[in-house]
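> what follows is a predicted protein model with its sequence.
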Amino acid sequence: MADRLAGKVALITGGASGIGRQAGLLFASEGAKLVIADVDGAAAERTAAEVRARGGTAEAVACDVACSEDVRSAVDRAERSYGALHVLFNNAGIFPAEDGSPVETPEAVFDRVLAVNTKGVFLGCKHGIPALLRAGGGSIVNTASFVAVLGAATSQVAYTASKGAVLAMTREIAIEYARRGIRANALCPGPVNTPLLAELLASPEARQRRLVHVPMGRLAEPIEVARAALFLASEESSYVNGTTFLVDGGITAAYVTPE
């Protein structure tokens, strides 16, 4: 195994699938001990078992990131099992199909998206920062999105609002804790080839509507985003703090995109 995270303990929310799963496998291969947290506890255990099968160290916890007690318990698990917490990857998020324009989106859907995507990051930091301070510092990586800095091509008001809030919150945390040894950065992926997005882009028309805006002409693969998370989690990014870390295939750099 490599050693970019040797001696580090990492908590990954939304770790059962997509970016979170790939990050777990990658972080473990670089020496981290993991707590894989996900609302689907059985799926989290499958990811943890895969890490262990590859020679890594991981435990799984069922965790609804919108529930303060669940998040506190996940942080406690990391400290109880491994003695410390050094990396907090607040990655869990949802994007319901009912999320559309402000006029069309049900209020309950808006509330749930912000509860998971924004409050979940807040709770991760609320309970995780004291643990990072006890460890002498560490790295927070919050998954935002390219839509936090650029309007989405399709209506998704709750998701966009939730990720914009994550971006602003990350900057504030980065400033507040910089001199106490904690860095915080917002990871902002473009569209990623995950089961969630595959379901939303099931029709060729919906898929093309997204891809026409991506200069590289394809979705990101979860491992490509996980590699960026690894950089932000590791000491290689020791002077990177408060950034909007875009991994978007050039979407935000483009004025017009060739078809």
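Arrived safely, thanks for sending.

> tell me where the chain has strands.
Applying DSSP state E to the chain gives strands spanning 9-13, 33-38, 57-62, 87-90, 138-143, 182-189, 244-247.

> I'd like these laid out as a markdown table, including distance to residue 212, mean neighbour count and mean pLDDT.
Bear in mind the C-beta positions are built from the backbone N, C-alpha and C, glycine included. Below are those laid out as a markdown table (distance: least, C-beta to C-beta, whole Å; neighbours: other C-beta atoms under 10 Å; pLDDT from 0 to 100):
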| stretch | distance to residue 212 | mean neighbour count | mean pLDDT |
| --- | --- | --- | --- |
| strand 9-13 | 32 | 29 | 98 |
| strand 33-38 | 33 | 30 | 98 |
| strand 57-62 | 39 | 22 | 98 |
| strand 87-90 | 31 | 30 | 98 |
| strand 138-143 | 24 | 26 | 98 |
| strand 182-189 | 18 | 26 | 98 |
| strand 244-247 | 19 | 19 | 98 |
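
> residue 105 is nearest to which of those strands?
Taking C-beta to C-beta, strand 138-143 is the member of those nearest to residue 105, at 21.1 Å.

> ok, that closest one: who's next to it in the sheet?
Applying DSSP bridges, strand 138-143 is found paired with strand 87-90 (parallel), strand 182-189 (parallel).

> any idea how far that strand is from the chain center?
For strand 138-143, the separation from the chain centroid amounts to 8 Å (computed by C-alpha atoms, centre = their mean, to the nearest Å).

> count the residues that sit near the closest residue to residue 94 other than its chain neighbours.
Nearest non-adjacent residue to residue 94, counting by C-beta to C-beta, 6 or more residues apart in numbering: residue 116, 4.9 Å away. Using other C-beta atoms under 10 Å, residue 116 has 22 neighbouring residues.

> also residue 167?
Using other C-beta under 10 Å: residue 167 sits among 17 other residues.

> got a pLDDT number for it?
On the pLDDT scale, residue 167 is placed at 98.

> residue 109 touches residue 97, doesn't it?
No. Between residue 109 and residue 97 there is no contact under C-beta atoms under 8 Å: 9.2 Å.

> and the two? Which one has more around it.
Comparing residue 109 with residue 97 by other C-beta under 10 Å, the one with more neighbours is residue 109, at 19 against 9.

> grab the nearest non-local neighbour of that one.
Nearest to residue 109 is residue 98, by C-beta to C-beta, 6+ apart, at 4.7 Å.

> and the gap between the one you found and residue 157?
11 Å (C-beta to C-beta, to the nearest Å).

> quickly list what's touching both of the two.
residue 105 (C-beta atoms under 8 Å, 6 or more residues apart in numbering).

> what about the two, which has more around it?
For residue 98 versus residue 157, neighbours defined as other C-beta under 10 Å are more numerous around residue 157 (18 against 13).

> contact partners for the more buried one?
Residue 157 neighbours (C-beta under 8 Å, 6+ apart): 99-102, 105, 110.

> look up how far residue 248 lies from it.
20 Å.

> do residue 153 as well
13 Å.

> which one of the two is surrounded by more residues?
residue 248 (24 against 14).

> confidence score at the residue nearest to the more buried one when sequence neighbours are not counted?
Once flanking residues are discounted, residue 248 sits nearest to residue 190: 3.3 Å by C-beta to C-beta, 6+ apart. On the pLDDT scale, residue 190 is placed at 92.

> report how many residues lie close to residue 190.
Residue 190: 25 neighbours (other C-beta under 10 Å).

> the one 4 residues further on too?
Other residues lying near residue 194 total 22 when counted by other C-beta under 10 Å.

> start the count at 48 instead of 1 going forward.
In the new numbering, first residue 48, that becomes residue 241.
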